[in-house]
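Asks: fold the stuff below for me.
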Amino acid sequence: MTGDLDPLEQHLVTALRAISVGFDASPVPDEVETAWRAQVASRAIDHAARWLQEQHRGFYTIGSAGHESNAYVALALRPTDPALLHYRSGGFYLARARQAGRDGVEDVLLGMAAAADEPIAGGRHKVFGHKELAILPQTSTIASHLPRAVGIAFATEVAGRLGLESAWADDAIVVCSFGDASLNHATAQAALNTTALLAYDGRPMPLLFVCEDNGLGISVPTPEAWVEQSLHGRPELAVERAEGDDPASVLETACELGGWVREHRAPAVLHLRTVRYLSHAAADLETAYRTGPEIRADYERDPLLATGRWLVAAGARSGEELAEDYLAVRAQVRERALAATERPQLGSAQDVVRPLAPRTPAAVASLVGPDRQPAEGERLTLAQAVKAGLGDVLERHPETLVFGEDVALKGGVYGVTRGLQARFGEERVFDTLLDETSILGLALGAAVTGFVPIPEIQYLAYLHNAEDQLRGEAATLQFFSRGAYRNGMVVRIQGYGYQKGFGGHFHNDNAVGVLRDIPGLVIASPSRPDDAGPMLETCVAAAKVDGSVCVYLEPIALYHTRDLLAAGDELWTAEPGLEHVPVGAARTHLDGRDLTIVTWANGLPMSLRVARRLLERGIDARVVDLRWLAPLPIDDVLREATATGRTLVVDETRQTGGVGEGIVAELVGRGYDGRLARVASKDSFIPLGDAARLVLLSEDEIEAAAARLMVR
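Replies: Residues are numbered from 1 along each chain as shown. The predicted structure is shown next:
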């Protein structure tokens, strides 16, 4: 098995054999031998990945070669400290596995082979993660895991102050590794800024960032000294540098920084200088952007060679032993890699999606509890009903947190959360900085720590620059951990159009397609005050029971609406809802036999008014309120559509990509053969002032569409 050594391996084996005999009588720390074992195995896995792909038997070749000094970072910490790892932190993963008495090699090889019995993602992706090792699986979205790491550090301390049970030890610290190129990503900068701001504000933040700096972003060099300059620009972060080919310094620095973070509950950054071997991935031709001499010059910076020299210098090993050790591990890993490719992969679509979004409606209903007693004479607007619902869940569930921009003392732009901080305290209802990425990151970290966070995104348009925190992090965690890790939460988003006197596309946004495209996401959208509280309670219960990631989408224009048909009729106020509303259950208003109107949010009062006008023309309609945009209550819709044989979908979102497209497609797919039409808003951003009415769906358009449908 030694005839196919590549140049990097040849250099390593030759250089190990050439190491002089020991001259330093001081014994090496126990961690050095453990690090060597982890580093050698990690390197062998990376070479095996390339070897398997050449035989069309492997699926993943982004490796950790050159970064293996991160094994010392693992050994400087506790195996119970939560870790969120860079995709080149293979040495860290294998070292922590050894700390915990686990064979991490098998884990990584099974992931590389997409084997269904891989212990964390189950063949869905090759990730570093394991529940027993406190390593949360991370995919390769650039820097997307950093805001969650900030959230875990923040929430761990909040849990202690509230006396609530946390997923982590009271004195745990969070470790989060990332690459130097990732440092330039807006998400990384958001996380570092939030960490520094919280520390500046006196908040405990037990967080150790590790920047694994190999000087390259695939083919683009990182400017010399840029990482150091960028990190040292934040005085709230303690920053230390270590060279990956100086293992004694890496271990010492990591121990010192880790201990400092644990003692002071303050953030720090280890700037770990590394080297990247074997190109970015197998498909990346490194010689297209680096010369041969440049590549070979890096061979002397090999962290495996550096650890070998330390062991030999102390008399613990000979160079010949280490060379033979590497070759033996290499052979064993290749044999085990071949065996991993024989293990079964996921065999059906059902197998793939099983952990994505589990639903246990009976358990959710049980947690919601018995129906509440009516409050005599109490009639609420939608905004008041949302506020009452938040108060109820904060009262019933001590692990719930409400936070976002302006939500505390001010109570939000529309006063929905006013008074909640005074009632429940600053630890449970609090303001955040103005950054949606960080708001969602705090929620992600709080959720895996044991809370049920209820973050607020002030406007739907503000979500779009942070949406990957929902798509790439929140929605994928159960999927890539087979449910071992969950981050159930309820994200309140204020949105839709039709606001009067306060507009423009940032405050009137009807683009919900970006949410409906996220697998497993639950989207609640109440428009009636008597639905608002029960639907919120259902979302919180689903987050706790099933780990559901829920979006609670609130129509701003209906917040303070009181009337429906005429001024003073108070028909859009209601007593608080008393009945449980299951996820994916629609609600039918009216019982007309001629036409079914399917709608939601602002479309509901519009359609009810149109139904009144249609009745004057002899057309008797029923109106179905979806209430849930995902999962769509298509069984309820199909039943109500079939009852009349004529169905109009009233879609306040856009013609292209709007929710109505999905409703129509589902009805057709379910075999509905009645008359069917859809009317929607224009494909446009929403302008300021009265011009908004030109692109938003109007009641006249709804009525005209209904009339056309009746005469077809």
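
Asks: tell me the mean pLDDT for the longest strand along the chain?
Replies: In the chain, assigned by DSSP state E, the strand with the most residues is strand 646-654. Averaging pLDDT along strand 646-654 gives 97.

Asks: with just CA atoms, put that strand into CSV.
Replies: Presented in CSV, the C-alpha positions along strand 646-654 are these (Å, rounded to 0.1, in the frame of the first residue of the first chain):
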residue,chain,number,x,y,z
ARG,A,646,-66.2,26.7,-8.0
THR,A,647,-63.1,27.9,-6.3
LEU,A,648,-61.4,31.3,-6.3
VAL,A,649,-57.9,31.6,-4.7
VAL,A,650,-57.5,35.2,-3.4
ASP,A,651,-53.7,35.7,-3.1
GLU,A,652,-52.4,39.0,-1.7
THR,A,653,-48.9,37.9,-2.5
ARG,A,654,-47.4,38.2,-5.9
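
Asks: following that strand, which helix or strand comes up?
Replies: Using DSSP states H and E, the helix or strand that follows strand 646-654 in sequence is helix 659-669.

Asks: in that next one, what counts as buried?
Replies: 659, 660, 661, 662, 663, 664, 666, 667 (16 or more other C-beta atoms under 10 Å). Glycine gets a C-beta too; all of them are placed from N, C-alpha and C.

Asks: check stretch 130-140 too.
Replies: Buried residues in stretch 130-140, counted by 16+ other C-beta under 10 Å: 130, 133, 134, 135, 136, 137, 138, 139.

Asks: roughly how far does residue 288 sit from residue 499?
Replies: Distance of residue 288 to residue 499, computed by C-beta to C-beta, to the nearest Å: 53 Å.

Asks: of those two, who's got more company?
Replies: Per other C-beta atoms under 10 Å, whichever of residue 288 and residue 499 has more neighbours is residue 499, with 18 against 8.

Asks: from residue 380, how far off is that one?
Replies: 20 Å.

Asks: residue 76 too?
Replies: The value you get for residue 76 to residue 380, if C-beta to C-beta is used, is 55 Å.

Asks: now swap in residue 395 and tell me
Replies: Note on residue 395: its distance to residue 380, by C-beta to C-beta, is 17 Å.

Asks: from the buried residues of stretch 130-140, which one has the minimum pLDDT?
Replies: Minimum pLDDT across the buried residues of stretch 130-140 falls on residue 139, with 78.

Asks: verify the stated contact: that residue with residue 480.
Replies: Yes: counting by C-beta atoms under 8 Å, residue 480 is a contact partner of residue 139 at 6.5 Å.

Asks: list the residues that contact both of these two?
Replies: Residues touching both residue 139 and residue 480 (C-beta atoms under 8 Å, 6 or more residues apart in numbering) are 125, 127.

Asks: residue ranges in this protein under the pLDDT threshold?
Replies: Within the chain, the segments meeting pLDDT under 70 span 1-2, 22-25, 140, 370-376, 501-503, 712.

Asks: longest helix in it, please.
Replies: helix 30-54 (DSSP state H).

Asks: what's the distance between it and the middle of its chain?
Replies: Here helix 30-54 is found 29 Å from its chain centre; the criterion is C-alpha atoms, centre = their mean, to the nearest Å.

Asks: same thing with stretch 382-397?
Replies: With C-alpha atoms, centre = their mean, you get 25 Å for stretch 382-397.

Asks: how about the CA coordinates for that stretch, as PDB?
Replies: These are the backbone C-alpha positions of stretch 382-397, laid out as PDB (Å, rounded to 0.1, in the frame of the first residue of the first chain):
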ATOM      1  CA  LEU A 382     -55.300  41.400  16.400                       C
ATOM      2  CA  ALA A 383     -52.400  43.300  18.000                       C
ATOM      3  CA  GLN A 384     -54.000  42.900  21.500                       C
ATOM      4  CA  ALA A 385     -54.600  39.200  20.900                       C
ATOM      5  CA  VAL A 386     -51.000  38.600  19.900                       C
ATOM      6  CA  LYS A 387     -49.800  40.400  23.000                       C
ATOM      7  CA  ALA A 388     -52.200  38.400  25.200                       C
ATOM      8  CA  GLY A 389     -50.900  35.200  23.500                       C
ATOM      9  CA  LEU A 390     -47.300  36.100  24.200                       C
ATOM     10  CA  GLY A 391     -48.200  36.800  27.800                       C
ATOM     11  CA  ASP A 392     -49.900  33.400  28.100                       C
ATOM     12  CA  VAL A 393     -47.000  31.500  26.700                       C
ATOM     13  CA  LEU A 394     -44.400  33.400  28.800                       C
ATOM     14  CA  GLU A 395     -46.600  32.600  31.900                       C
ATOM     15  CA  ARG A 396     -47.000  28.900  31.100                       C
ATOM     16  CA  HIS A 397     -43.600  28.200  29.700                       C
END
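
Asks: list the buried residues for that stretch?
Replies: 382-394, 397.

Asks: beyond the helix or strand hosting residue 188, next helix or strand please.
Replies: Assigned by DSSP H and E, residue 188 falls within helix 186-200. Proceeding N to C from helix 186-200, the next assigned helix or strand is strand 207-213, under DSSP H and E.

Asks: partner strands of that next one, with direction?
Replies: Sheet pairing of strand 207-213 (DSSP bridges) gives strand 174-179 (parallel), strand 268-273 (parallel).

Asks: most tightly surrounded among these?
Replies: Comparing the strands paired with strand 207-213 by mean neighbour count (mean count of other C-beta atoms under 10 Å), strand 174-179 ranks first with a mean of 29.

Asks: next one: that one to chain centre, how far?
Replies: How far strand 174-179 lies from its chain's middle: 16 Å, per C-alpha atoms, centre = their mean.

Asks: can you pull out the residues in contact with that strand?
Replies: Here strand 174-179 has contacts from 70, 73, 77, 81-86, 88-89, 92, 143, 145-146, 149, 152-153, 156, 188, 206-214, 217, 258, using C-beta under 8 Å, 6+ apart.

Asks: buried ones in the longest helix of the chain, by neighbour count?
Replies: 31-32, 34-53.

Asks: now tabulate the buried residues of helix 659-669 in TSV and tack on distance to residue 176.
Replies: Below are the buried residues of helix 659-669 laid out as TSV (distance: C-beta to C-beta, whole Å):
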residue	distance to residue 176
659	37
660	42
661	39
662	37
663	42
664	44
666	41
667	46
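
Asks: which residues does residue 433 contact?
Replies: Neighbouring residues of residue 433 by C-beta under 8 Å, 6+ apart: 193, 194, 197, 405.

Asks: please redo it, this time with the cut-off set to 7 Å
Replies: Residues near residue 433 by C-beta atoms under 7 Å, 6 or more residues apart in numbering: 194, 197.

Asks: for it, helix, strand, or coil?
Replies: Classification of residue 433 using DSSP: H, G, I helix; E, B strand; the rest coil returns coil.

Asks: what about residue 380, distance to residue 417?
Replies: Here the criterion is C-beta to C-beta. By it, residue 380 lies 15 Å from residue 417.
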